[in-house]
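Undergrad: what follows is a protein structure lacking sequence information:
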């Protein structure tokens, strides 16, 4: 069989020589289909053996506009390999149902740049009139265009990933009907809305163009363009289950992309699922910060899959941690004395020197005399952005916590203003062990006299859209639309997956 295939002249259909599974094609999307279903697809693998390009094989089926041929291929090592692209019009039919879905399945080309889907209608004045178009690319934000209208709905930050991968694009069309009453007469009107689902993820809210003049009933063709290989013709079908769409919202910058939010496999854009099934997406962090995640083992490959037991004081995996500069050495002494007096001399404490405490000979001698006290010099150079290196920015605190969590299971951060009156931490640590409370707690922290907005850089919400229904607050007074800010002077952290996630996004957002 192998010799017969090798002796063939020019391009060959491997299916004529071997079963598909011999090539490992059982890993492809169509592998779950039965032999009869594959026969109906009439899909064949076309191989050009004389090419050393990145793409040396592709599939041929009846939906392609051209048959297999022997293309002129560049020599080995060249970068101008011919790309697989599609530019076709398919006939389709829309039914008068509440919810329909247009499904497109494809394999992207290595040089994928954009994908465009147009819904066409046949008019007397035009053979193929575009009613609505959808476009997304590697350098183009997802957009919806209504021809003849100045409205262009964009989804900032939602783009295609580069390279080869499976692309499942669903365009969901919803026919919303409502009653109108005019001159004591009732009329039933309708408006068509849409949503997008990409690789299984639903984006944005329900978009209903105002002044809808689209003639959906007249749509009978779908045009698909892009650098990809279609697995079949676009399919229009009625949705089996009604989707919980409520209200009306357009595409905004808060939309998740599962194909463009990664840096070498690491998710670098924070996402938040809303009650109405929308996925709110934060701005993607710069890939140059990924090294921080590796340094502190906060990247997704270090996901915590174990149920680590909460450690109590005097356990070797439990530690108190604090930090101070020269100005706070006096209160540091009081804190250390309070911990040692309350929890015993053998209780481990880690102190991070934020300035030059150890350069003072008298202070150094005093610290060296304390049992189970480790002094570490904080490295401000790891904070790439210069403006946050100032101690008053307190950005260093999240780095300190991440550093200590590398070694310890349960950590308690204490400011130098803290004084212990009791060694009983059971009422805080036991509920944490039982899962009654979260693994990161700020017990007893006082509320500041101002809200979050006035003390938070507005750019933070672009990356971490945790609280978005507020208006700019220009005063220090608390208001109904501004949540209060807590003092972070006493924090309990326990090593869990939730803690890793929290530390990951806070370290990226420093």
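TA: Cool, the structure landed. Only a predicted model underlies this, so the values are computations on that prediction, with no experimental measurement involved.
Undergrad: have a look at the protein and report its longest helix.
TA: helix 329-343 (DSSP state H).
Undergrad: any weak-confidence spans in the stretch 401-510 of the chain?
TA: 444-446, 467-482 (pLDDT under 70).
Undergrad: any idea how far residue 376 is from residue 505?
TA: 24 Å (CB to CB, to the nearest Å). Heads up, the C-betas are built off the backbone N, CA and C, glycines and all.
Undergrad: ignore the last one, residue 92
TA: 43 Å.
Undergrad: and if you look at residue 402?
TA: 12 Å.
Undergrad: neighbour count: these two, which is higher?
TA: residue 402 (23 against 19; other CB atoms under 10 Å).
Undergrad: and that one, helix, strand or coil?
TA: helix (DSSP: H, G, I helix; E, B strand; the rest coil).
Undergrad: ok, and the closest non-adjacent residue to it?
TA: Leaving aside its chain neighbours, residue 402 sits nearest to residue 296 (4.1 Å; criterion: CB to CB, 6 or more residues apart in numbering).
Undergrad: so that neighbour sits against residue 503, correct?
TA: Yes. Using CB atoms under 8 Å, residue 296 is in contact with residue 503, at 7.2 Å.
Undergrad: list residues touching both of these two?
TA: Listed contacts common to residue 296 and residue 503 are 402, 405; contacts here mean CB atoms under 8 Å, 6 or more residues apart in numbering.
Undergrad: outline the domain layout of this structure.
TA: 2-60, 86-249, 318-446+487-508 (automatic domain parsing).
Undergrad: by mean pLDDT, show me the worst of the ones you listed.
TA: Lowest mean pLDDT within the domains of the chain: domain 2-60, a mean of 48.
Undergrad: helix or strand right after whichever strand or helix holds residue 102?
TA: Using DSSP states H and E, the element containing residue 102 is strand 99-108. The helix or strand immediately downstream of strand 99-108 is strand 114-121, counting by DSSP H and E.
Undergrad: which other helices and strands does that following strand contact?
TA: Counting contacts by 3 or more CB pairs under 8 Å, 6 or more residues apart in numbering; DSSP states H and E, strand 114-121 is packed against strand 99-108, strand 129-137, strand 166-182, strand 219-226.
Undergrad: out of these, which gets nearest to residue 332?
TA: strand 129-137 (54.7 Å; CB to CB).
Undergrad: the closest one to strand 114-121, inter-axis angle?
TA: Inter-element angle recorded for strand 129-137 and strand 114-121: 170 degrees (by axes from the mean of the first three to the mean of the last three CA atoms, to 10 degrees).
Undergrad: could you number the chain from 57 rather than 1 from now on?
TA: That works, and once the first residue is 57, the last one we named lands at strand 185-193.
Undergrad: so what are the sheet partners of strand 185-193 and their directions?
TA: strand 170-177 (antiparallel), strand 198-201 (antiparallel) (DSSP bridges).
Undergrad: got the contact list for the longest one?
TA: Read that as strand 170-177. Contacts for strand 170-177 (CB under 8 Å, 6+ apart): 145, 158, 160, 162, 184-194, 196, 216, 223, 225, 227, 271, 274-284, 290.
Undergrad: bridged to residue 377, which residues?
TA: Beta-bridge partners of residue 377, as defined by DSSP bridges: residue 406, residue 469.
Undergrad: same thing with residue 429?
TA: residue 405.
Undergrad: next one: residue 143
TA: residue 281.
Undergrad: what about it, how many residues close to it?
TA: 10.
Undergrad: isn't residue 423 up against residue 405?
TA: No. Residue 423 lies out of contact with residue 405 (CB under 8 Å); the separation is 10.2 Å.
Undergrad: mind listing the strands for the stretch 407-556 of the chain?
TA: Under the criterion DSSP state E, counting those that start in this stretch, the stretch 407-556 of the chain carries strands at the ranges 429-433, 466-470, 496-497, 503-507, 540-542, 546-550.
Undergrad: so which of those gets nearest residue 257?
TA: That would be strand 496-497 among these, by CB to CB, at 27.5 Å.
Undergrad: what lines up beside that closest one in the sheet?
TA: strand 546-550 (antiparallel).
Undergrad: ok, and what's touching the partner strand?
TA: 364, 366, 457, 461, 465-471, 474, 484-485, 488, 495-501, 555.
Undergrad: at 7 Å what do you get?
TA: 366, 457, 461, 465-470, 474, 484, 488, 495-501, 555 (CB atoms under 7 Å, 6 or more residues apart in numbering).
Undergrad: now stretch 344-361
TA: Here stretch 344-361 has contacts from 319, 322-324, 458-459, 462, 551-553, 556, 559-560, 563-564, using CB under 7 Å, 6+ apart.
Undergrad: buried subset of these?
TA: Buried members of the contacts of stretch 344-361, scored by 16 or more other CB atoms under 10 Å, are 319, 322-324, 458-459, 551-552, 556, 559-560, 563-564.
Undergrad: closest one to residue 231 out of these, please.
TA: Of those, the one sitting nearest to residue 231 (CB to CB) turns out to be residue 323, at 35.5 Å.
Undergrad: just checking, the closest one touches residue 317?
TA: Yes. With contacts counted by CB atoms under 7 Å, residue 323 reaches residue 317, the gap being 5.8 Å.
Undergrad: returning to that earlier point: buried subset of the contacts of strand 170-177, written for ChimeraX?
TA: Those of these that count as buried under 16+ other CB under 10 Å are selected in ChimeraX with:
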select :158,160,162,185,186,187,188,189,190,191,192,193,194,196,216,223,225,227,275,277,278,279,280,281,282,283,284,290
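Undergrad: what's the span of stretch 331-344 from first residue to last?
TA: 33 Å (CA to CA, to the nearest Å).
Undergrad: list the buried residues of it.
TA: In stretch 331-344, counting by 16+ other CB under 10 Å, buried: 334-341.
Undergrad: please apply the same query to stretch 471-490.
TA: Buried, per 16+ other CB under 10 Å, within stretch 471-490: 471-472, 474, 476, 481, 484-485, 488-489.
Undergrad: now the terminal residues of stretch 476-496, how far apart.
TA: 20 Å.
Undergrad: err, stretch 326-341, not the other one
TA: 9 Å.
Undergrad: list the contacts of the residue lying closest to residue 378 once chain neighbours are set aside.
TA: Nearest non-adjacent residue to residue 378, counting by CB to CB, 6+ apart: residue 470, 5.2 Å away. Contact analysis of residue 470 by CB under 7 Å, 6+ apart lists 376, 378, 391, 546.
Undergrad: from residue 177, how far off is residue 155?
TA: Taken as CB to CB, the span from residue 155 to residue 177 is 20 Å.
Undergrad: so what's the residue count around the residue nearest to residue 452 when sequence neighbours are not counted?
TA: Excluding the flanking residues, the one nearest residue 452 by CB to CB, 6+ apart is residue 434, at 6.0 Å. Counted with other CB under 10 Å, residues neighbouring residue 434 total 19.
Undergrad: so what's residue 434 up against?
TA: By CB under 7 Å, 6+ apart, the neighbours of residue 434 are 379, 408-410, 452, 456.
Undergrad: residue 378 too?
TA: Residue 378 neighbours (CB under 7 Å, 6+ apart): 388, 391, 407, 470-472.
Undergrad: quick check: it vs residue 513, distance?
TA: 25 Å.
Undergrad: enumerate every residue touching the closest residue to residue 384 other than its chain neighbours.
TA: Leaving aside its sequence neighbours, residue 384 sits nearest to residue 472 (CB to CB, 6+ apart; 5.0 Å). With contacts defined as CB under 7 Å, 6+ apart, residue 472 is in contact with 378, 380, 384, 387-388, 391.
Undergrad: tabulate those residues (TSV), appending distance to residue 522.
TA: Listed next are the contacts of residue 472 as TSV, based on distance: CB to CB, whole Å:
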residue	distance to residue 522
378	27
380	30
384	30
387	32
388	33
391	31
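Undergrad: please list only the buried members of these.
TA: 378, 380, 384, 387-388, 391.
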